[in-house]
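Peer 1: When you get a sec, could you give me coordinates for this:
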Amino acid sequence: MALEHLTKETFIEKVFDYENNKEWNFKGELPCLIDFYADWCGPCKMVAPILEELSEEYKGKINIYKIDTESEQELAAIFGVRSIPSLLFCPVGAPPQMSMGALPKDTFKKAIGDILLKDNKTN
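Peer 2: Next up, the predicted model:
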């Protein structure tokens, strides 16, 4: 199952309506991880299968989305994405945290536990 790619419209609907809110206000019911990537980026290609596996492993606990920085330059600019992959961890009820670069799967799992699921240690 391919991960959902967000456009500006679906980002505003599912993650954060930045056009109408200055303060971060996460709209999702489940915490999410957003991969800012580009098709030409080698490290992004290494991260892609890991994120697919994680989306299966954490199904129903977190959502994982992808944003193509080439087609969604406005979203990349809002978050100051200058290097890719950049990964935005969006917990529920806390500010988002950005991580740069391709991470190994174990590091993703630790970050998901520490940032996204820290209030709900049932994993």
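Peer 1: What's the biggest helix in the protein, counting residues?
Peer 2: Taking DSSP state H as the criterion, the chain has its longest helix at helix 42-57.
Peer 1: burial count for Y65?
Peer 2: When neighbours are defined as other C-beta atoms under 10 Å, Y65 has 22 of them. Bear in mind the C-beta positions are built from the backbone N, C-alpha and C, glycine included.
Peer 1: Mean confidence (pLDDT) on the helix or strand containing it, please.
Peer 2: Using DSSP states H and E, the element containing Y65 is strand 63-68. Mean pLDDT, computed over strand 63-68, is 98.
Peer 1: Which other helices and strands does that strand contact?
Peer 2: Packed against strand 63-68 by the contact rule (3 or more C-beta pairs under 8 Å, 6 or more residues apart in numbering; DSSP states H and E) you find strand 4-5, helix 8-14, strand 32-37, helix 42-57.
Peer 1: Out of those, which is the most enclosed?
Peer 2: Highest mean neighbour count of these: strand 32-37, a mean of 24 (counted as mean count of other C-beta atoms under 10 Å).
Peer 1: Export it to CSV, keeping only CA atoms.
Peer 2: C-alpha atoms of strand 32-37 as CSV (Å, rounded to 0.1, in the frame of the first residue of the first chain):
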residue,chain,number,x,y,z
CYS,A,32,1.7,11.7,11.9
LEU,A,33,5.1,11.6,10.3
ILE,A,34,5.6,13.6,7.1
ASP,A,35,8.4,12.8,4.7
PHE,A,36,9.5,15.8,2.6
TYR,A,37,11.2,14.2,-0.4
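Peer 1: can you tell me which residues contact the residue nearest the centre of the chain?
Peer 2: With distances taken as C-alpha atoms, centre = their mean, I34 lies nearest the centre of the chain, 1.3 Å away. Neighbouring residues of I34 by C-beta atoms under 8 Å, 6 or more residues apart in numbering: L6, V15, I64, Y65, K66, I67, L87, L88, C90.
Peer 1: partner residues bridging it?
Peer 2: Following DSSP bridges, I34 is listed with bridge partners Y65, L88.
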